[in-house]
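In: what would the 3D arrangement of this be:
(one chain, ligands or ions: 2)
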Amino acid sequence: MGTATDGAPAIEATDLTKSYGDVQALDGLSFTVEAGEFFGLLGPNGAGKTTFINALVGLVRADGGTAEVFGYDVEDDYREARDRIGLAPQEFNVDRFFPIVEVLEHKAGYHGFDPDAARRRAEDALKTAGIYEKRDTRFDWLSGGMKRRFMLARALVSDPDLLILDEPTAGVDVQLRRDLWTVIDRLNEGGTTILLTTHYIEEAERLCDRVAIVDQGRKVEVATPDELTSRGTDTLEIGLADPPVTAPALDHADVVEATMVDGHLEVVARGGGSVLPAVLKQLDADGYDVTTVDVRRASLEEVFVDMTRTEGAVQQ
Ligand SMILES: Nc1ncnc2c1ncn2[C@@H]1O[C@H](COP(=O)(O)OP(=O)(O)OP(=O)(O)O)[C@@H](O)[C@H]1O
Ligand SMILES: [Mg+2]
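Out: Numbering: from 1, shown residues only. Ligands and ions are numbered 1, 2, ... in the order given. Here you go, the predicted model:
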């Protein structure tokens, strides 16, 4: 491998645009994924995630802007860029009639491995993805979850530096989802850069170092899951010994709302945990007897929904 790309980010997208007729699938999308990162791409249906991925792997030609993978332009240096990417696409696109181990051998061969090495890579990838025992089965005969595992194996067979997973856990059971998380996490620890799209926000929260939120072909935000959740409001649920009918007035800049709900005082606040002592102090001063306290942190999911809510629109 050349050294020209040492230190280059895994992905550098600048002002990418792509339209399909009236639909602006990418509308000036820019962001950077550092080498070694575990990066999440979140956005509602139709946000442009798959279009972006397809632009990286050369399946879509952008109308404008540039994208580089480890310093290689995805159009001008297509071969170099493509060789570094392993893609598990959202839609299955597989040779359905051959034993899956052969499909993988062909793919490894295409990426330059000699026949023996290709066989070893194929078998290793199937083992990593946990479907080695199905190696002589054709794709059509795998269960839905096994098909997802196979897509991961296929993405891994070329030993990519950048692994792109477009909704790898869509529709798979809880056990398989956790298995896949473990496998992907381990790959990332071994140095593989991961770009993951998912509609399971919890998945992104658990796995990703940073997430980009995209909507309508544009970047809304890039931050760590923690930074994003800290922007949401938390809810304090406070039990009172002698609950009043209307909520006591709470005098604190970070309190958004205080209401009585089922005999509890429910306080919606920014930075809920840090507001709590002041709220308890005030309740005590006002003569209330606090019996229970529960703090519910904002989830990334709530913050995500707030950031991508489009008035009255059904995206598709
Ligand atoms: N080949 C195509 N022809 C016409 N329109 C397309 C094509 N591919 C994508 N689009 C449109 O571009 C927009 C972005 O689609 P894309 O598949 O990138 O979204 P996504 O973020 O991956 O959504 P999802 O979460 O549903 O997978 C959508 O409005 C979609 O209908
Ligand atoms: Mg998609």
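In: find the residue at the geometric middle of the chain.
Out: residue 40 (3.2 Å; Cα atoms, centre = their mean).
In: could you name the helices and strands sitting against the helix or strand encompassing that one?
Out: Assigned by DSSP states H and E, residue 40 falls within strand 38-42. Counting contacts by 3 or more Cβ pairs under 8 Å, 6 or more residues apart in numbering; DSSP states H and E, strand 38-42 is packed against helix 174-189, strand 193-197, helix 201-207, strand 210-215. C-beta: built from backbone N, CA, C; applies to glycine.
In: quick one: contacts for residue 219?
Out: 29-31, 212-213 (Cβ atoms under 8 Å, 6 or more residues apart in numbering).
In: swap that for residue 204, please
Out: So residue 204 contacts 40, 42, 196, 198, 211, 225, 300 (Cβ under 8 Å, 6+ apart).
In: ok, now which ones touch the first one?
Out: With contacts taken as Cβ under 8 Å, 6+ apart, residue 40 has the following neighbours: 196-198, 204, 207-208, 210-212, 225.
In: with pLDDT and distance to residue 290 as extra columns, can I get these in JSON lines?
Out: Below are those laid out as JSON lines (pLDDT from 0 to 100; distance: Cβ to Cβ, whole Å):
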{"residue": "196", "pLDDT": "97", "distance to residue 290": "42"}
{"residue": "197", "pLDDT": "95", "distance to residue 290": "44"}
{"residue": "198", "pLDDT": "92", "distance to residue 290": "40"}
{"residue": "204", "pLDDT": "92", "distance to residue 290": "36"}
{"residue": "207", "pLDDT": "95", "distance to residue 290": "38"}
{"residue": "208", "pLDDT": "97", "distance to residue 290": "37"}
{"residue": "210", "pLDDT": "97", "distance to residue 290": "39"}
{"residue": "211", "pLDDT": "95", "distance to residue 290": "37"}
{"residue": "212", "pLDDT": "95", "distance to residue 290": "41"}
{"residue": "225", "pLDDT": "91", "distance to residue 290": "32"}
